[in-house]
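> pasting the structure only:
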């Protein structure tokens, strides 16, 4: 088999490659998809093609697609049995980020409600 054998190029995204050429092609395809999704995101945000409230939804959809491209083409996260540890590590990282975000918002909300001036004191200060 030669380096340019079409069978060597027939590898699913995220799976290990036997040749440098097929691996490079996979990275170039991932880069191309990431660049297209980034360009479309900037285009959606800067034009009035989408209805105003739909812009945020469109950007969220494009961001999720971008994350999928990065996970499959660059981090090689697939659904194969040999990637169980990678998927679990990714899920644990997402859980930690979610807990930190929710905890921060919760703490800031309670601090804002409990550490502000009382309405009576605020009224007294406004009168002076």
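Ah, there it is. Keep in mind that this is a model prediction, so the values were computed, not measured.
> where does the prediction get shaky in the chain?
Scanning the chain for pLDDT under 70 picks out 1-17.
> tell me the centre residue of it?
The chain has residue 67 as the residue nearest its centroid, 4.0 Å off, counting by CA atoms, centre = their mean.
> roughly how far does that residue sit from residue 90?
Residue 67 sits 10 Å away from residue 90, going by CB to CB, to the nearest Å. Heads up, the C-betas are built off the backbone N, CA and C, glycines and all.
> ok, and for the longest helix that the chain contains, which residues are buried?
The single longest helix within the chain, with elements called by DSSP state H, is helix 84-114. Neighbour counts over helix 84-114 (16 or more other CB atoms under 10 Å) mark residue 86 as buried.
> likewise stretch 35-48?
37, 41, 44.
> ok so, going back, and the longest helix of the chain, what does it pack onto?
Based on contacts counted as 3 or more CB pairs under 8 Å, 6 or more residues apart in numbering; DSSP states H and E, there is no element that helix 84-114 packs against.
> next SSE after that helix?
Sequence order places helix 119-127 as the next helix or strand after helix 84-114, per DSSP states H and E.
> what's in contact with that following helix?
residue 117 (CB atoms under 8 Å, 6 or more residues apart in numbering).
> please renumber the chain so that the first residue is 40 from this point on.
Sounds good: first residue 40 from here, last item helix 158-166.
> and residue 90, which of the three is it?
Taking DSSP: H, G, I helix; E, B strand; the rest coil as the rule, one finds residue 90 in the coil state.
> so who does it touch?
Per CB under 8 Å, 6+ apart, neighbours of residue 90: none.
> now it: how far from residue 97?
Residue 90 is 10 Å from residue 97, by CB to CB.
> kindly report the same for residue 70.
For residue 70 relative to residue 97 (CB to CB), the value is 22 Å.
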